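# build me a structure from this.
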Amino acid sequence: MTIGLVGGASSVFMSVAAVSSSDVWAVGTYFDGAGSPRPLAQHWDGLQWNMVLPVVGGTGSTFVGVVAIASNSLWSVGSFNDSAGIVYPLAEHYAP
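Below you'll find the model as predicted:
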């Protein structure tokens with residue numbers, strides 16, 4: 001599902017997890033101004049989508065899955081490329 005513009009280019013959700021109708025998490029990819037994929041994580045609070053996690057990993061980073069254990073425990077997974085182009089797994093835990 002396309003969600004509009006983030007970071008100057010198009011964005012795509014790859015996975016969604018909901019704790020409740022006002023606590024929904026979505027992860028995927030956005031493309032920065034140079035066209036490089038970056039990981040995207042957003043939270044629906046019942047009124048609007050908000051960017052939650054900072055950009056992590058290197059060029060070519062993306063999130064492809066998310067699970068919400070509880071409102072204060074979210075795991076997202078994906079991959080990132082290092083400067084040599086080698087692909088590595090990426091896992092992030094969000095616990096505010």
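
# dihedrals phi and psi, the residue of the chain positioned farthest from its centre?
Farthest-out residue of the chain from its mean C-alpha position, per C-alpha atoms, centre = their mean: residue 84, at 23.0 Å. Taking degrees, to the nearest 10, you get phi -90, psi 0 for the backbone angles of residue 84.

# next up, the contacts around it.
Counting by C-beta atoms under 8 Å, 6 or more residues apart in numbering, residue 84 makes contact with nothing. The way it works is simple: take the backbone N, C-alpha and C, and place the C-beta from them, glycine included.

# so how far is residue 21 from it?
Plainly put, residue 84 is 44 Å away from residue 21 if you go by C-beta to C-beta, to the nearest Å.

# and for residue 10?
Look at residue 10 and residue 21: by C-beta to C-beta, they are 27 Å apart.

# between these two, which one's more packed in?
For the pair residue 10 and residue 21, the greater number of neighbours falls to residue 10 (13 against 8), based on other C-beta atoms under 10 Å.
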